[in-house]
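**Student:** Sequence and predicted structure below; questions after.
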Amino acid sequence: MADIFVASEIEQNKEEPKKKEAQQTEKNGKPLSIGGKIGLFSTFTLRPEGLNFKDQNDKETVFLFLRKHFITNVPWIILSLILLFIPPIIWILTSGRNLFPFPLPPGYLIIVIGFYYLGVLTYIFISFLNWFFNVSLVTDERVVDIDYSDIVYHDVAVTKLDLIEDIDYTQAGFVRSFFDYGDLFIQTAGEKVHFDFLAIPKPKKATNIIENLMGGDKNV
Amino acid sequence: MSENILQGLTLLLIVKVSFLILIALFIVFLFIVFNQIGTLSKTIEQKDTGVLKVIAFILIILALSLFLTGLVIL
């Protein structure tokens, strides 16, 4: 009789974390990608699967994966669309007349247009890369901030959770409040004093997770 | 008359060489981008970085095609 009770207790304990995960997933009616796979457009993933970084320790677990909110890409997306449509609009407005001060052979026009569109495609690709590789990670041991900009610059900053002195976030403005993203600032006692996670989704939740990890609570 | 034609040809030759140099520099730039993607993929291993490498490679192929086309038709 007593054995039956022991077994059901164990089963209950096993089910508890699953229930907790399900509750967190369904919070606000939106999935939070708990134990989630990281795709090309992931911005906030708890316990990401299949993610490793350089110098990661064997027992180190990544708890939080952050990128800038996707809405921050809107300016370059709009600019790209404008750039893509400029040549056909010019063509229609000028009725196919030559805009150059001297007569341009047809071969040159093909190369000019080809080079223009290649430049636009490269601009789109590089803008996406700038967003894609600007990643922040929070593990059970440290905070990792990878900054990437202008193709040739990338910086990897790491600080231990023990060295974090202060953590706060700001979420000012209509757009930021509407799309729920903001800046998270971490002040440390390490070599790099400031860690700024800019325009990340759910900054309040991210702050709570880091605070919990600092307190040794890995049940985030 | 013949001087004008010569001037026109010289101008077109300068434009042609300028274009080819520009595209060649662009190809070098794309190789740097491709290399950077490789470096950053090692820094942080994500599943979908392969797609980005493929896109970068396609851009290099397109740029090389444009260079060859320019070499032939200009």
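**Tutor:** Received, thanks.
**Student:** what ranges of chain B fall below the confidence cut-off?
**Tutor:** In the predicted model of chain B, residues B:1-3, B:5-6, B:8 satisfy pLDDT under 70.
**Student:** where does the nearest residue to B:I32 once chain neighbours are set aside land on pLDDT?
**Tutor:** Nearest residue to B:I32, sequence neighbours excluded (Cβ to Cβ, 6 or more residues apart in numbering or on different chains): A:I151, at 6.3 Å. For every residue, glycine as well, the C-beta is placed using N, CA and C. What the model reports as pLDDT for A:I151 is 76.
**Student:** what about B:S18, neighbour count?
**Tutor:** B:S18 sits with 10 neighbouring residues when counted by other Cβ atoms under 10 Å in any protein chain shown.
**Student:** ok, now A:S177?
**Tutor:** Number of residues near A:S177 (other Cβ under 10 Å) recorded here: 11.
**Student:** ok, it touching A:T170?
**Tutor:** No - with contact defined as Cβ atoms under 8 Å, A:S177 and A:T170 do not form a contacting pair (11.2 Å).
**Student:** Need the residues touching each of those two.
**Tutor:** Common neighbours of A:S177 and A:T170, counting by Cβ atoms under 8 Å, 6 or more residues apart in numbering or on different chains, are absent.
**Student:** list the contacts for B:V33?
**Tutor:** When contacts are taken as Cβ under 8 Å, 6+ apart, B:V33 is in contact with A:T122, A:F125, A:I126, A:L129, A:I151, B:A56, B:L59.
**Student:** Please list only the buried members of those.
**Tutor:** Among the contacts of B:V33, those scoring as buried are A:T122, A:F125, A:I126, A:L129, B:A56, B:L59 (criterion: 16 or more other Cβ atoms under 10 Å in any protein chain shown).
**Student:** For the last one, what are phi and psi?
**Tutor:** Per-residue torsions, B:L59: phi -60, psi -40 (degrees, to the nearest 10).
**Student:** Identify the residues contacting it.
**Tutor:** Contact criterion Cβ under 8 Å, 6+ apart gives A:L118, A:L121, A:T122, A:F125, B:L30, B:V33 as the residues in contact with B:L59.
**Student:** distance of the residue of chain B found nearest chain A from A:P88?
**Tutor:** Chain A sits closest to B:I73 of chain B, with a gap of 3.9 Å, by Cβ to the nearest Cβ. To A:P88, B:I73 is 22 Å away according to Cβ to Cβ, to the nearest Å.
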